[in-house]
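Visitor: turn this into a structure:
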Amino acid sequence: MHLKRRTTLTGSIALLALLASACTGTGGSAEGADAKAPDDPSEVKGSITVLTHRTDLVQDGTMKKYAAEFNRTYPGVKVGFDALTDYEGEVKIRMNTENYGDVLMIPAVIEKKDYPRFFASLGTRAERDAKYRFTGYSTVDGKVYGQSPLGVVPGLLYNKKVWSEAGVTDWPTTPAEFLDDLRAIRSRTDAVPYYTNFKDMWPLTQWTNVNGSVGCDTGATTKLAEGDPWAQGADLRVADTLLHDIVRGGLAEKDPTTTNWEASKGKLAKGEIATMWLGSWAVVQMRDAARQAGTDPADIGFMPFPAQRDGVFCAVTSPDYQQAVNVNSDHKEAARAWIDWFTDESGYAEANLALSPLKDAPLPAVLQPYEKAGVKLIDLDDSKGAEVKSIDNRSEVGIYKPDYRQDLVDLARGARQGGLDDFLGGLGKRWAEARNSLGS
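Guide: Alright, predicted model coming up:
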């Protein structure tokens, strides 16, 4: 289950205000503390609570099994889990106090500069960079405050059988080719060529993950902080233009307001839907849906965004939720032991067919077609990530929220007046005004 972030703009402002008060309240009293790696596992003692959004894995006993395996190495640590359905909403309230678990996933609402107030350091970036991916996403002043247990790669989930029936066997290399392929699916099959998942909202945020893939640029995040994300040729303009053209061309579901995320899994598996833009995390869910529907899980394919640089596809890697140690925990060593073990030894990434955070780990089976096709995986430089989020919040555009892309889909289907150039130009203007007001 991938976390579905559906925070509204008003809700985001309220959350930011709440967390701002938390920074001056009881939370973060041990700012600057470290959670050191244990030297002797047999000497590590204590009871820890792990906050998690994986309610499914707690309910089915999977997390309990992980804890039992952990205890083979750390017999003196008792691990309990607190599974939260509304993870973001509940954790931000708890963070008004010091009691927000011993281990938790860093909520999206926490600004990067405030990580030392709430989380204990796991070490320096220089130390951790040699072994782990994604360290830059949680680095403040050279220290790392979180570690994701798995990584994700964006891509198109597609039903191979449907695409083959439409006469398409090669991955499209341009947006224009992709649109032609969707037209072939529309004319030669009964499948919906593309499904937006408009009503559930959060899947629309996945389109921001195109950033970096079009230009094959590790500095794509820096470009967001320093320029116009919707300038001609910019990655987000390419992505948003393609989404617009899919809907405008009648290549998506007839009524986006009636989409259903859970139902879409079975529909893709059964060939009623041909394509969805999501990420590698979704493949295991779609293949499970195929088993439940009695269809072949091997029919679920995964392809990169239809763009190449010098004849090569590129795909951006990014972390899922990053685990961190509560700076106020009385058992930081035990909490750190859990994070290290869960990242290095649990097999969690492999079980989810996900990209391992360990740099020397092999690619998961789901990404082997990428490897075979020579898709270049790139890790973005996130040193300007905090600035991007500040600009995004000030501009109220919401590149990590679904609202503006819902507006984009409404524009494309005629439920909103205006033209695409004016719409994207308006986003760019608001972005620039916010950037200038922040002095970025």
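
Visitor: please make it C-alpha for all contacts and neighbour counts, starting now.
Guide: Noted.

Visitor: who touches stretch 363-382?
Guide: 133-134, 136-137, 212, 216-222, 280, 283, 302-304, 312-318, 350, 353-356 (CA atoms under 8 Å, 6 or more residues apart in numbering).

Visitor: quick check: ChimeraX command selecting the buried ones in those.
Guide: To isolate in ChimeraX the members of these that are buried, counting by 16 or more other CA atoms under 10 Å, one can use:
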select :133,134,136,137,212,216,217,218,219,220,221,222,280,283,302,303,304,313,314,315,316,317,318,350,353,354,355,356
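
Visitor: which of the contacts of stretch 363-382 fall within helices?
Guide: Residues from the contacts of stretch 363-382 lying in helices, with DSSP state H as the criterion: 220-222, 283, 350.

Visitor: my guess is residue 293 contacts residue 266. True?
Guide: Yes - counting by CA atoms under 8 Å, residue 266 is a contact partner of residue 293 at 6.6 Å.

Visitor: show me where the stretch 101-250 of the chain has its helices.
Guide: 115-118, 125-129, 160-165, 175-188, 220-226, 235-248 (DSSP state H, counting those that start in this stretch).

Visitor: please identify the most buried of the ones you listed.
Guide: Ranked by mean neighbour count, the helices of the stretch 101-250 of the chain are led by helix 115-118 with a mean of 23 (mean count of other CA atoms under 10 Å).

Visitor: from the centroid of the protein, which residue is nearest?
Guide: residue 320 (5.3 Å; CA atoms, centre = their mean).

Visitor: identify the residues contacting it.
Guide: If you count contacts by CA under 8 Å, 6+ apart, residue 320 has them with 148-152.

Visitor: please redo it, this time with the cut-off set to 10 Å
Guide: Residue 320 is in contact with 2-3, 105, 134, 147-152, 281, 354, 357, counting by CA atoms under 10 Å, 6 or more residues apart in numbering.

Visitor: now the phi/psi pair for it, please.
Guide: Phi and psi for residue 320, reported as degrees, to the nearest 10, are phi -80, psi -160.

Visitor: same deal with residue 277?
Guide: According to degrees, to the nearest 10, residue 277 has phi -90, psi 110.

Visitor: for the spatially closest residue to it that is not a sequence neighbour, give its distance to residue 281.
Guide: Spatial nearest neighbour of residue 277, excluding adjacent residues (CA to CA, 6 or more residues apart in numbering): residue 156 at 4.4 Å. Residue 156 sits 11 Å away from residue 281, going by CA to CA, to the nearest Å.

Visitor: hey, where'd the helices end up in the stretch 301-440 of the chain?
Guide: Under DSSP H, counting those that start in this stretch, the stretch 301-440 of the chain gives helices at 332-344, 348-351, 368-372, 385-395, 403-412, 420-438.

Visitor: for residue 141, find the nearest of the ones you listed.
Guide: The closest of the helices of the stretch 301-440 of the chain to residue 141 is helix 385-395. By CA to CA, the value is 12.5 Å.

Visitor: how far is that closest one from where the chain is centred?
Guide: Offset of helix 385-395 from its chain centre (CA atoms, centre = their mean, to the nearest Å): 17 Å.

Visitor: quick one: it to helix 420-438, angle?
Guide: 110 degrees (axes from the mean of the first three to the mean of the last three CA atoms, to 10 degrees).

Visitor: other residues contacting helix 385-395?
Guide: Residues contacting helix 385-395 (CA under 10 Å, 6+ apart): 9, 12-13, 16, 108-109, 111-113, 136-138, 140, 221-226, 382, 396-401, 427-440.

Visitor: repeat that for stretch 55-63.
Guide: The contact list for stretch 55-63, computed with CA under 10 Å, 6+ apart, reads 1, 52, 54, 64-66, 68-69, 79-87.

Visitor: please repeat the previous calculation with a cut-off of 7 Å.
Guide: Surrounding stretch 55-63, the residues in contact under the criterion CA atoms under 7 Å, 6 or more residues apart in numbering are 83-85.

Visitor: let's see it as CSV, backbone CA atoms only.
Guide: Once non-C-alpha atoms are left out, stretch 55-63 reads as follows in CSV (Å, rounded to 0.1, in the frame of the first residue of the first chain):
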residue,chain,number,x,y,z
THR,A,55,-1.5,-0.7,8.4
ASP,A,56,-1.8,-3.7,6.1
LEU,A,57,1.5,-5.2,7.2
VAL,A,58,0.7,-4.8,10.9
GLN,A,59,-2.8,-6.3,10.5
ASP,A,60,-1.6,-9.4,8.6
GLY,A,61,1.3,-10.1,11.0
THR,A,62,4.1,-9.2,8.6
MET,A,63,5.6,-6.6,10.8
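
Visitor: in it, what counts as buried?
Guide: For stretch 55-63, burial by neighbour count (16+ other CA under 10 Å) applies to 55, 57-58, 63.

Visitor: which of those residues sits closest to residue 201?
Guide: Comparing these against residue 201 with CA to CA picks out residue 55 as the nearest, at 20.7 Å.

Visitor: number of residues surrounding residue 286?
Guide: Residue 286 has 24 neighbouring residues, counting by other CA atoms under 10 Å.

Visitor: wouldn't it be in contact with residue 271 here?
Guide: No - counting by CA atoms under 7 Å, residue 286 does not reach residue 271; the two are 11.5 Å apart.

Visitor: could you pull up the residues touching residue 412?
Guide: With CA under 7 Å, 6+ apart, residue 412 has these contacts: 244, 247-248.

Visitor: swap in residue 107?
Guide: residue 88.

Visitor: ok, residue 309 to residue 168 distance?
Guide: Taking CA to CA, one finds residue 309 at 22 Å from residue 168.

Visitor: and the two? Which one has more around it.
Guide: Applying other CA under 10 Å to residue 309 and residue 168 shows that residue 168 carries more neighbours, namely 17 against 14.

Visitor: that's all I had, so thanks and see you.
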